[in-house]
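Engineer: sharing a model that was predicted from the sequence below.
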Amino acid sequence: MTYETIQLAIADGVATLTLNRPDKLNSFTVQMHADLADALKTIRRDETVRCLLLTGAGRGFCAGQDLSDRAVAPGDAVPDLGESLEARYNPLLRSLKALEMPVVCAVNGVAAGAGANIALACDIVLAARSASFIQAFCRIGLIPDSGGTWTLPRLIGPARASALMMLGDKVTAEQAEAWGMIWKCVDDEALAGEAQALAARLAAMPTRGLALIKRALAASSTNAFDAQLDLERDLQRLAGRTADYQEGVRAFMDKRQPVFQGR
Ligand code: T3D
């Protein structure tokens, strides 16, 4: 599908979304937000799509907000960044989190600012060995957004999260893996292949079940243990009604590989 700032390709159950402003390290503009919102709507409506793979074109994954849209002359009105989050970044993060399928992120290069936190909000994150993550916000007087103040301390703990957010230091992909910030660091030349293989594997799995796992994990960060037990009961009830669960049990009993339909 053709967009000005991104590419969307749908094949074999996988939607591959590529941020595509490589000369500006795929930094975000209003147009890119609009393109992404439209692409995500297409993905949600397409019943053949069972996994989303997000990546970037060129040498970077995403450098966050395009700062050339933020430079103002002294005395000019300053942009309302709260409005920018409300209208564009927050809906994007909510869309990714609410997407009823696994979201894989293949971080092909530097992920800075909102770019880092969008990557970290995905369900499974792979990164090229040469990639890095930078909470760049503090370098220009901002606070981490795109869910970063929620996501990062949960992934790596408050001590590391606050130092990274206040210092804006670069974290290499190897360090990110060692800290549990991402799932896996892979050699640069292997990234695209590994990410496609992972997405294809997820797309052949019980999609409804995976979406319910995603929902349970999201709720676990705020629920007490008791409430989480209740939620597991409710979600397991839904999982138990899916055709894929029936197929999983039948295949196990028949000693054959299951064929899941994502229903
Ligand atoms: O504003 C709101 O709506 C609120 C929301 C904010 C969310 C945010 O994301 S705020 C944080 C914004 N991002 C940054 O502060 C990161 C800025 N970029 C960098 O610090 C560095 O570019 C990197 C560390 C990411 C990479 O460094 P390096 O040395 O590998 O590349 P480079 O040479 O700096 O960048 C390459 C080109 O991309 C360069 O353009 P040129 O000179 O070749 O024409 C550079 O200007 C451009 N570029 C990189 N990041 C941005 C950008 N252009 C616009 N906006 C950017 N964020």
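Structural biologist: That came through, no problem.

Engineer: how near is Gly148 to the ligand?
Structural biologist: 9 Å (Cβ to the nearest ligand atom, to the nearest Å). No exception for glycine: its C-beta is placed from N, CA and C like everyone else's.

Engineer: contact partners for that residue?
Structural biologist: Ala116, Asn117, Leu120, Gln135, Phe137, Met165 (Cβ atoms under 8 Å, 6 or more residues apart in numbering).

Engineer: repeat the analysis, applying 7 Å as the threshold.
Structural biologist: Each residue near Gly148 by Cβ atoms under 7 Å, 6 or more residues apart in numbering is listed here: Asn117, Gln135.

Engineer: i'd like the first residue to be 626 from this point on
Structural biologist: With 626 as the first residue, the last one maps to Gly773.

Engineer: do you know how far it is from Phe762?
Structural biologist: 8 Å (Cβ to Cβ, to the nearest Å).

Engineer: also Ala876?
Structural biologist: In terms of Cβ to Cβ, Ala876 sits 48 Å off from Phe762.

Engineer: show me the strands in this protein, by range?
Structural biologist: 631-636, 639-644, 676-681, 685-687, 728-732, 735-737, 749-753, 757-759, 795-797, 809-811 (DSSP state E).

Engineer: how far does the first one sit from the chain's center?
Structural biologist: Going back to what we said before, that points to strand 631-636. Averaging C-alpha positions (Cα atoms, centre = their mean, to the nearest Å) puts strand 631-636 16 Å from its chain's average.

Engineer: that strand to strand 639-644, inter-axis angle?
Structural biologist: Inter-element angle recorded for strand 631-636 and strand 639-644: 170 degrees (by axes from the mean of the first three to the mean of the last three Cα atoms, to 10 degrees).

Engineer: give me the contact list for strand 631-636.
Structural biologist: Contacts for strand 631-636 (Cβ under 7 Å, 6+ apart): 626, 640-645, 657, 660-661, 664, 667, 671, 674.

Engineer: Serialize those to CSV and add fields for pLDDT and neighbour count.
Structural biologist: Listed next are those as CSV, based on pLDDT from 0 to 100; neighbours: other Cβ atoms under 10 Å:
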residue, pLDDT, neighbour count
Met626, 79, 13
Ala640, 98, 27
Thr641, 98, 20
Leu642, 98, 25
Thr643, 98, 19
Leu644, 98, 27
Asn645, 98, 18
Met657, 98, 23
Asp660, 98, 22
Leu661, 98, 24
Ala664, 98, 20
Thr667, 98, 14
Asp671, 97, 12
Val674, 98, 21
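
Engineer: if I look at Gly773, what pLDDT would I see?
Structural biologist: Predicted confidence (pLDDT) for Gly773: 98.

Engineer: measure it to Met806 for me?
Structural biologist: 11 Å.

Engineer: quick one on the thing from earlier: more neighbours: which of Ala876 and Phe762?
Structural biologist: More crowded of Ala876 and Phe762, by other Cβ atoms under 10 Å: Phe762, with 24 against 14.

Engineer: roughly how far does the more buried one sit from the ligand?
Structural biologist: Taking Cβ to the nearest ligand atom, one finds Phe762 at 5 Å from the ligand.

Engineer: distance check, that residue against Gly689.
Structural biologist: 8 Å.

Engineer: any common contacting residues for the two?
Structural biologist: Gly738.

Engineer: picking up where we left off before, okay, the contacts of strand 631-636 in CSV with distance to Gln632 next?
Structural biologist: Output for the contacts of strand 631-636, formatted as CSV (distance: Cβ to Cβ, whole Å):
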residue, distance to Gln632
Met626, 8
Ala640, 11
Thr641, 8
Leu642, 7
Thr643, 4
Leu644, 9
Asn645, 5
Met657, 12
Asp660, 10
Leu661, 11
Ala664, 9
Thr667, 13
Asp671, 16
Val674, 15
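
Engineer: of those, which ones also sit close to the ligand?
Structural biologist: Counting by Cβ under 6 Å from any ligand atom, nothing from the contacts of strand 631-636 sits close to the ligand.

Engineer: understood, closing this out.
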